[in-house]
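Engineer: I would like the atomic coordinates for the input below:
(one chain, ligands or ions: 2)
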Amino acid sequence: MIRQRLFSGIQPTNILHIGNYIGALKQWVDMQEKYDCMFCVVDLHAITVPQDPKELRQNILNTAATYLAVGLDPKLCSIYVQSEVPEHAELGWILSTITRLGELERMTQFKDKSKKRGEKVGVGLYSYPTLMAADILLYDTKTVPVGEDQMQHIELARTLARRFNSQFGETFVVPQALIQKVGARIMGLNDPKVKMSKSEAPANYIALTDEPDVIRKKIMRSVTDSGQEIKFDPGKKPAISNLITIYHHATEKSIKQIENDFQGKGYGDFKKAVADAVTEMLDPIRQDIQDYLKDPAELQKILDKGRDAAHDLACKKMCLVRKKVGLGRA
Ligand code: AMP
Ligand code: TRP
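Structural biologist: Ligands and ions are numbered 1, 2, ... in the order given. Modelled structure (predicted):
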């Protein structure tokens, strides 16, 4: 049986948190048997905001180590670094020529990020979604597991695939996003109205490398809602609903079962249980990240193999794309 192609990536901008794990990485692990998977460390995307070159290089390795530590298996999928397969940038450029200004101006991620940067917004931040479309279309990807916040970008990738196909003839597969229902958006522990993010204060997120005592402190100090019931109701009880979502993912218990288990108990008891569950979930991951970083030779070998496999596919696709567009010589 031919497995469908799946592609996803995370920017190596910083340490990853449980929002990334629940919203992205955990789904990837479940999918690697079923799909033909490419998991990319998207460093070209990371430089759309200013970077420290030394830190970026370290973060690329950290992110790759995290991919492996959460359970991605290099025997089942390709794990590689985006900039090491230059066809991503090349296809990104070609796609930028059929992308309309208005389509990029509408992107909420661009609006948010450019507001923060004021006058120093680079063109790369603006055309970020065309590079993301290139990542996806380069590999005939059918399925793209991402968090809800990336929906608009996937829509653009679909539009560009269709537009290219109708302009130059059938070339690209039209991809589809795959979004999880519960936990697609993990919110900040110190403010359940904003999404958990590494650009917020440390009290907002739990990093995958946080030690147990830090995890406990962050969860015990997380904000709560009024009332005292452990009830899943994101509209009225955003903070407790967020903790329930996290607990649901850490224990695999259903929301209903969690509500039943904690009937008559208070926020304090529930938070303790959440802290225990999250600690248990992260213990082996933290350990494995450290082990991979201690033995970079193994990590390098895996990334070499992933790059070669990705480059093979990308080369073939770009030959076709150049021909369709009319680039180069016959
Ligand atoms: P980022 O770290 O923002 O580049 O995101 C990497 C991946 O994690 C993307 O698929 C995001 O949608 C997902 N993600 C990031 N933050 C969260 C969050 N708070 N909740 C759920 N998913 C998230
Ligand atoms: N933009 C995505 C994010 O911030 C990362 C990303 C880049 C990506 N290229 C991709 C995700 C292709 C899925 C497919 O999360």
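
Engineer: what does this structure put close to ligand 2?
Structural biologist: In this structure, the chain approaches ligand 2 at residues 7-11, 42, 45, 132, 135-136, 144, 146, 150, 153, judged by C-beta under 6 Å from any ligand atom. From N, CA and C alone the C-beta is placed, and that goes for glycine too.

Engineer: helix, strand, or coil at Ser8?
Structural biologist: Following DSSP: H, G, I helix; E, B strand; the rest coil, Ser8 is assigned to strand.

Engineer: contacting residues for it?
Structural biologist: Residues counted as contacts of Ser8 (C-beta atoms under 8 Å, 6 or more residues apart in numbering) are 24, 28, 38-40, 144-146.

Engineer: and these, which is closest to Arg117?
Structural biologist: The closest of the contacts of Ser8 to Arg117 turns out to be Val146 (C-beta to C-beta; 23.1 Å).

Engineer: report pLDDT for Tyr80.
Structural biologist: If you check Tyr80, the pLDDT there is 98.

Engineer: same question for Tyr267.
Structural biologist: Looking at Tyr267, the pLDDT reads 95.

Engineer: for it, give me its contacts.
Structural biologist: 224, 228, 230, 240.

Engineer: how far away is Met220 from ligand 2?
Structural biologist: Here the criterion is C-beta to the nearest ligand atom, to the nearest Å. By it, Met220 lies 29 Å from ligand 2.

Engineer: that residue touches Lys271, doesn't it?
Structural biologist: Yes: Met220 lies in contact with Lys271 (C-beta atoms under 8 Å); the separation is 5.5 Å.

Engineer: count residues in the vicinity of Asn14, would you?
Structural biologist: 17 (other C-beta atoms under 10 Å).

Engineer: typo on my end, it should be Gln11
Structural biologist: That count, for Gln11 with other C-beta under 10 Å as the rule, works out to 23.

Engineer: for it, give me its contacts.
Structural biologist: Taking C-beta under 8 Å, 6+ apart, we find Gln11 in contact with 42-43, 45-46.

Engineer: same thing but at 7 Å, please
Structural biologist: If you count contacts by C-beta atoms under 7 Å, 6 or more residues apart in numbering, Gln11 has them with 42, 45-46.

Engineer: ditto for Ile98
Structural biologist: With C-beta under 7 Å, 6+ apart, Ile98 has these contacts: 160, 163-164, 167.

Engineer: and for Ile230, the neighbour number?
Structural biologist: As a burial measure, Ile230 scores 24 neighbours (other C-beta under 10 Å).
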